[in-house]
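# below: sequence and its predicted model.
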Amino acid sequence: MTAMRTSLVACAATAGLLLTSCSTVEQSDSGASAESDYANEAAQKVVDRALAEFEPTDFPTSSPAAAEDKTLVIVSCYQAAAGCARISAGALEAAEAIGWKAKVVDGQGDPNLQNSALEQAITEKADAVLLAAVEYPVVASTVERVRKAGIHVVSVGTTGEASEDGVEYFSTAPGEKIGEVMAAWVTLATAGNGNIGYFSDRSFAASDAYETGFRDGIKQYCENCSEAFTTSFSATEIGTTLPARVKGSLQSHPDVNMVYAAYDGAVGAMVPAMHEISSTAPLVGFDGNLQSLDFIREGNTQVATMATALEWAAWGGVDALNRLLNGEEPVPSTPAYRLLTKDNLPPDGQSYTGDTDYRAAYRELWQAG
């Protein structure tokens, strides 16, 4: 694999202002410092596996026939957030492929609107509901009413305990494992001396799992890594107060040599803010959204992402609904996830959707059932 040459820069500061004198560390595509003899066999093994193509081990091998004349309501957490929009788009695409009518209702990050969308599904006598990264606890009581109305419900991009009178299936990647992988990469990238600034949103089950796995992974792989600060935000603050918090936190901690972003959906607001204060700290994120892949490709602040094929997860959610509508139990299936750096990105203009043609595989299952 060709080497990725990304400069990890740590700048000194005085009186809270960034100076131009910096020390630079060259980084290889695996995350290891090219100017250091640092080695961490355990972290390296984790990173090497995660950089390789994802190979599904639990993809369904059979399916009932596509249920006919069904309507699907997709309740999106917040369409302005790229991750939610990707799940919604994937669910719409899958619904069309299986022959169902479907629509997206934007929850706009507001639990009231999300619950209202579910009530609307009852009124419209929908056959199925797919929650696109909507956090189950804030809609649990309404979901129970949806289920009592005979409407099947699955969730994509969040975690929880499935039940007959609530969400019947959760389609998501293993968040804590994903976080651990990124911790291993950061360990190598900083030669075991990361001073990490966290921009944290733990209100989503997925991002909470990422951060839990990352922090546990740092403890496991990077004894000398440290936490410079943790700045919390929510999805609805990305376009409002987050940029100011990014600038304030990094100006107060100019010795940060790695920035942790809770998810790629926030990075589009963080990168310009970092430019405004001339911060050269590298940044890592999660999900593999298109804008973040462009940042990595251009060498623009973000250097890595733990990408999840959210569209794949949405197709898995529709497959689960089809099984439920046919009186069968969903078949657990893990959507693709992969560590992406500059040297293993998908083609320009494409978000990460996995390394397998899952669309063709699901179509074949539904047609053969």
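That came through, no problem.
# just the element for residue 73, please.
Secondary structure from DSSP states H and E places residue 73 in strand 71-76.
# next SSE downstream of that strand?
The element immediately downstream of strand 71-76 (helix or strand, assigned by DSSP H and E) is helix 82-98.
# is it true that residue 263 touches residue 284?
No. Counting by Cβ atoms under 8 Å, residue 263 stays clear of residue 284, with 10.9 Å between them. C-beta: built from backbone N, CA, C; applies to glycine.
# which ones are touching residue 335?
171-173, 308-310, 312-313, 316, 354, 358 (Cβ atoms under 8 Å, 6 or more residues apart in numbering).
# run the chain-centre distance for stretch 232-249.
Centre-to-centre, stretch 232-249 and its host chain are 18 Å apart (Cα atoms, centre = their mean, to the nearest Å).
# average model confidence for that stretch?
The pLDDT scores in stretch 232-249 average 96.
# ends of it, what's the gap?
Start-to-end span of stretch 232-249 (Cα to Cα, to the nearest Å) is 11 Å.
# okay, and residue 294 sits in which element?
Assigned by DSSP H and E, residue 294 belongs to helix 290-298.
# from the contact counts, what lies against the helix or strand just after that helix?
Once helix 290-298 ends, the next helix or strand along the chain (criterion: DSSP H and E) is strand 302-308. Under the contact criterion of 3 or more Cβ pairs under 8 Å, 6 or more residues apart in numbering; DSSP states H and E, strand 302-308 touches helix 175-189, strand 283-287, helix 290-298, strand 337-340.
# give me the neighbour count for residue 257.
Close neighbours of residue 257, defined as other Cβ atoms under 10 Å, add up to 25.
# before we move on, what about the one 4 residues further on?
Counted with other Cβ under 10 Å, residues neighbouring residue 261 total 28.
# could you pull up phi and psi at residue 123?
When read as degrees, to the nearest 10, the backbone of residue 123 gives phi -60, psi -40.
# for the nearest residue to residue 260 once chain neighbours are set aside, give its distance to residue 256.
Among residues not flanking residue 260 along the chain, residue 198 sits closest, at 4.6 Å (Cβ to Cβ, 6 or more residues apart in numbering). As judged by Cβ to Cβ, to the nearest Å, residue 198 and residue 256 stand 10 Å apart.
# joint contacts of those two?
What both residue 198 and residue 256 touch, as defined by Cβ under 8 Å, 6+ apart, is the set residue 229.
# okay, these two: which has more neighbours?
For residue 198 and residue 256, the more surrounded residue by other Cβ under 10 Å is residue 256, and the numbers stand at 24 against 20.
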